[in-house]
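[1] Give me a 3D structure for the following:
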Amino acid sequence: MAKKFICSQCGQTFEAASMPDKCPICGADTSHIKEEKSKGINTNGNVYTICYAAVMVILVAFLLAFVSSALKPAQDANVAIDKKQQILASLNVRGLAKSDVEAKYNELIQETCVMTPDGQVIEGADAFDVETKEIGDKLPVYKAKTADGADALVLPLKGRGLWGGLWGYVAVTPDLQKVLGAYFDHESETAGLGALIKEAKFQEQFIGRPVMGDDGKVALTVVKKGASEGDTQVDGVTGATLTSKGVGEMVLTGLQQYADVLGGAQPAGDCCKQAAKCCDKPDCTCAEKAQCPCGGNCGDEACICADNGECCARQECPCAKCEKAAPCAKAEGCAKHEGCEKAEGCGGCPEQASEGAHKCKSGNDCCKSGQCDKSGSCGKPGCNGDKACCGQR
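    The predicted structure is shown next:
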C-alpha cells in the first residue's frame, strides 16, 4: 500500500511505497522528507470497502423484510381472491370485479371438506387451505351451486405441462357423471400455444361432457386436436401437444382418484360422508338418507336400500322401499314386519308364517296364535272359519 510523504523544502506531497532517498519533485535529500500520517478513515483501503458493503447489505435486507411484512396481508388477500375467481370460473361465473368475488364465492360454495386417498375425512380441514402441491395426497372437495343454480362438486386437480406445473378445477354433477364447468391454469407454458389452456374457449369444451366410460371408469381426457372419437375426448390446443397431453392426464387420473373416494355414480349426499362408503363404516350415520348399498354392517335406520333386494329382511331398511326384495319374513297375519307396513313388491306372505302355525285352506293367508282368517278353516276339527281354533291340536 502506498504511503504519503511531504517535502519541507518544496512543500509538495507525493506517494511512495517506502521512504525515498530524495524528493522526486525538488531533489531534496531525505532529511527534508517526512511521512504524512492519515488523520481519518482510509477510504481507499480494503477494510473500508468491506465494512461499507456489509452495512449496505444489512440495511437493504432489513428494508425489504419490513416492506414484505407490511404488504403480506394484502398479498395474501390478492392470492385468495385469485383462487376464488378460478373456482367460480369452473362454476361458469366469470368476469366479476374483485370487490364482488368474495360475496359470490360465499353464495355459491356451500360446504367444503378434505379427504385422504383411502376415503377418510380430515377433521377440521378446509378445502380452500389445501395448496396445489398437496393435491393428490389430499383431496379437497367443494359442494357448490353453478351459475344457473345446479348442484355441483368442484374438484381441484394438479398436473404437469411442457415447462412447468398445471392445475385446474372441474365442476361435476354430484353423481360424477357430467362436467358442468372447468378452469385450467399453468406456471410457464408457451404464450400463444400451451398457455391457451387458460382461455375460456378451451375450457368451455368440457361443459356437458360425460365423465365416465362404458366400463364405469373415468374416461374424460384431452387428445390431439382433430383426433377426438367420442364425447369423453376433448380437442387439445393446436401446436401444444405436450401441454394438451398434460391436461388430459391431469383430468383423467385426477378425476379417477376422486371417483374412487366418492363412489363413482353413487349419489353424493353429504360430500364428506359419501353413500358409497357409508355402510362400510360401523359409526356411519348415513347423512341426508343417502342411497346406501347396505354392504357390511350398516345398522342405520336412515338408509334407504331401494336397489338391494337383500335389504328387505333388515330391520334398518323400510320394507316399503324394497321394490326388488325377496319375500319378507312376516308375522301377525303378514300385516307387519317388525313395525314395517306390508308393501307391494315385498313378495307377499310365505306359506308358513312361524313354527306351530297352520296352513289355511286358501294357501294365501296364515294362522298364528289362535287367530283364523274367515276365508277358510285350518283343516282341524271344530274350526268353522270364524272361531279362535288355529291353536287347537
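
[2] Quick one: list the elements packing against the lengthiest helix in the chain.
    In the chain, with assignment by DSSP state H, the single longest helix is helix 46-90. Applying 3 or more C-beta pairs under 8 Å, 6 or more residues apart in numbering; DSSP states H and E, one finds that helix 46-90 makes contact with helix 98-108, strand 165-172, strand 179-186. (Each C-beta comes from the backbone N, C-alpha and C, glycine too.)

[3] Buried ones in the longest one, by neighbour count?
    By neighbour count with 16 or more other C-beta atoms under 10 Å, helix 98-108 contains the buried residues 101, 104-105, 108.

[4] following it, which helix or strand shows up next?
    Going down the chain from helix 98-108, the next helix or strand is strand 109-115, by DSSP states H and E.

[5] List the contacts of that next one.
    Contacts to strand 109-115, defined as C-beta atoms under 8 Å, 6 or more residues apart in numbering, come from residues 87, 121-122, 125-128, 130, 138-145, 154, 261, 270-272.

[6] for the stretch 1-150 of the chain, what are the low-confidence residue spans?
    By pLDDT under 70, the low-scoring segments of the stretch 1-150 of the chain are 1, 38-42.

[7] one step back: save the helices and strands packed on helix 46-90 as TSV, and put in distance to residue 13 too.
    Output for the helices and strands packed on helix 46-90, formatted as TSV (distance: least, C-beta to C-beta, whole Å):
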stretch	distance to residue 13
helix 98-108	68
strand 165-172	66
strand 179-186	67
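
[8] right, so of those, which gets closest to residue 44?
    strand 165-172 (51.1 Å; C-beta to C-beta).

[9] and residue 221, how many residues sit next to it?
    20 (other C-beta atoms under 10 Å).

[10] Bridge partners for it, pull those for me.
    residue 233 (DSSP bridges).

[11] That one and residue 181, how far apart?
    Distance, residue 221 to residue 181, using C-beta to C-beta, to the nearest Å: 17 Å.

[12] Kindly report the same for residue 128.
    Taken as C-beta to C-beta, the span from residue 128 to residue 181 is 18 Å.

[13] Which one of the two is surrounded by more residues?
    residue 181 (25 against 16).

[14] So in terms of bridging, what pairs with the more buried one?
    So, taking DSSP bridges as the rule, residue 181 has residue 171 as bridge partners.

[15] Surely residue 198 touches residue 186?
    Yes. Counting by C-beta atoms under 8 Å, residue 198 touches residue 186, with 6.5 Å between them.

[16] Tell me which of those two has more neighbours.
    residue 186 (24 against 16).

[17] was I right about that one contacting residue 199?
    No. Taking contacts as C-beta under 8 Å, residue 186 lies outside contact range of residue 199: 11.3 Å.

[18] Would you map the strands across this protein?
    Under the criterion DSSP state E, the chain carries strands at the ranges 3-7, 13-16, 33-35, 109-115, 139-145, 151-160, 165-172, 179-186, 221-223, 233-235, 336-337, 340-341.

[19] So for stretch 135-148, first residue to last residue, what's the gap.
    28 Å (C-alpha to C-alpha, to the nearest Å).

[20] Residue numbering should commence at 59 henceforth.
    Understood, numbering begins at 59; the last thing we discussed is stretch 193-206.

[21] hmm, who's touching it?
    Contacts for stretch 193-206 (C-beta under 8 Å, 6+ apart): 145, 149-151, 165-175, 180, 183, 185-186, 188, 209-216, 225, 229, 238-239, 312, 315-316, 319-320, 326, 329-330.

[22] Quick check: buried residues in that stretch?
    Buried residues in stretch 193-206 (16+ other C-beta under 10 Å): 193, 196-205.

[23] wait, doesn't residue 177 sit right on residue 319?
    Yes. Because the distance of 4.9 Å satisfies C-beta under 8 Å, residue 177 is recorded as touching residue 319.

[24] the more surrounded of those two?
    Set residue 177 next to residue 319 and count neighbours by other C-beta under 10 Å: residue 319 wins out with 20 against 16.

[25] so that one touches residue 175, yeah?
    Yes. Between residue 319 and residue 175 there is a contact at 6.8 Å, judged by C-beta under 8 Å.

[26] what mean pLDDT would you report for stretch 233-248?
    Across stretch 233-248, pLDDT averages out at 95.

[27] residue contacts, the closest residue to residue 143 other than its chain neighbours?
    Excluding its sequence neighbours, the residue lying closest to residue 143 (C-beta to C-beta, 6 or more residues apart in numbering) is residue 159, at 5.6 Å. Residues in contact with residue 159 (C-beta under 8 Å, 6+ apart) are 139, 142-143, 146.

[28] Nearest to residue 299 among the residues you listed?
    residue 143 (28.6 Å).

[29] count of neighbours near the closest one?
    18.

[30] Is it in contact with residue 154, as I believe?
    Yes. When contacts are counted by C-beta under 8 Å, residue 143 is listed as touching residue 154 (6.9 Å).

[31] and the nearest residue in space to residue 61 that is not next to it in sequence, what is it in contact with?
    In this structure, residue 61 finds its nearest non-sequential neighbour in residue 93, 5.9 Å apart by C-beta to C-beta, 6+ apart. Residues near residue 93 by C-beta under 8 Å, 6+ apart: 61-63, 77.

[32] Considering these, which possesses the most neighbours?
    residue 63 (20 neighbours).

[33] quick one, what contacts that residue?
    Applying C-beta under 8 Å, 6+ apart, the residues contacting residue 63 are 71-74, 77-78, 91-94.
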